[in-house]
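Engineer: Sequence and computational prediction follow.
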Amino acid sequence: MISPVEDLVDVLVFGDRVSPGTVTLTGHDRSWSWDVQKAKGQTGATSQLQGLDLAEFQASFYLASVEDQLAWPAFARVLESTVGGAAPKALAIWHPDLALQKITEACVTMIGGPIRDARGGVTVQVKFIQYSPPKPKPPASATAGTGTDGKAQKYDPNKAARDELNGLLTNAGKP
């Protein structure tokens with residue numbers, strides 16, 4: 001007996017349609033964009049978080065049965081509807097693995113041609129891009145609490161090492 005969870009992993013819900021066949025997802029990673037600025041005339045760099053990148057991922061649909069292959073054209077029309085009008089239109093997308101990555105809406109970027117195998121099955125690759133409307137940027141720089149004067153102090157991960165080095169240098173010149 002197949003569990004209901006296994007059934008959910010095998011299909012992709014796009015718009016209001018459940019995909020035919022068995023789906024395998026790849027590339028549905030979450031990554032953040034960083035602006036790294038190298039220090040001029042010094043070693044090291046600073047970095048600033050720019051936000052979450054949009055995910056671009058693939059779904060491979062394996063259509064083993066005749067029923068799945070006959071159902072594919074209707075599902076393909078739903079896929080094409082995201083880019084078929086004057087402006088792209090994202091549709092809701094659901095798969096347990098996409099839900100974990102907080103990918104809830106997407107548009108199609110590519111629908112591959114059918115690849116037939118010797119067993120009578122067909123595989124179709126589809127590429128998606130996540131839709132996520134812009135949100136306000138996070139604060140320009142983070143601070144690490146407050147100092148004794150009540151003002152915010154920037155976090156310095158090397159402060160302890162720098163203080164120790166300054167103490168050693170100060171004591172090095174004394175007899």
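Structural biologist: Thanks, I have the structure now.

Engineer: What ranges does this protein have for its helices?
Structural biologist: Under the criterion DSSP state H, the chain contains helices at 4-9, 66-80, 96-100, 159-172.

Engineer: I'd like those laid out as a markdown table, including mean pLDDT, distance to residue 136 and mean neighbour count.
Structural biologist: Quick note: C-beta positions are derived from backbone N, CA and C, even for glycine. Output for these, formatted as a markdown table (pLDDT from 0 to 100; distance: least, C-beta to C-beta, whole Å; neighbours: other C-beta atoms under 10 Å):
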| stretch | mean pLDDT | distance to residue 136 | mean neighbour count |
| --- | --- | --- | --- |
| helix 4-9 | 62 | 34 | 11 |
| helix 66-80 | 95 | 32 | 15 |
| helix 96-100 | 92 | 24 | 14 |
| helix 159-172 | 78 | 31 | 10 |
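
Engineer: and residue 33, which of those is closest to it?
Structural biologist: In terms of C-beta to C-beta, the element of these nearest to residue 33 is helix 96-100, at 20.2 Å.

Engineer: for the closest one, packing partners?
Structural biologist: Helix 96-100 is packed against helix 4-9, with contacts defined by 3 or more C-beta pairs under 8 Å, 6 or more residues apart in numbering; DSSP states H and E.

Engineer: go again using 10 Å as the cut-off
Structural biologist: helix 4-9, strand 22-26, strand 56-63 (3 or more C-beta pairs under 10 Å, 6 or more residues apart in numbering; DSSP states H and E).

Engineer: Now these in CSV, please, with extra columns for distance to residue 43.
Structural biologist: Formatted as CSV, the helices and strands packed on helix 96-100 follow (distance: least, C-beta to C-beta, whole Å):
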stretch, distance to residue 43
helix 4-9, 48
strand 22-26, 39
strand 56-63, 35
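
Engineer: Relative to residue 76, which of these is closest?
Structural biologist: With C-beta to C-beta as the measure, strand 56-63 is the member of the helices and strands packed on helix 96-100 nearest residue 76 (9.6 Å).

Engineer: Pull up the pairing partners for that closest one, direction included.
Structural biologist: Strand 56-63 sits in its sheet next to strand 22-26 (antiparallel), strand 122-130 (antiparallel), going by DSSP bridges.
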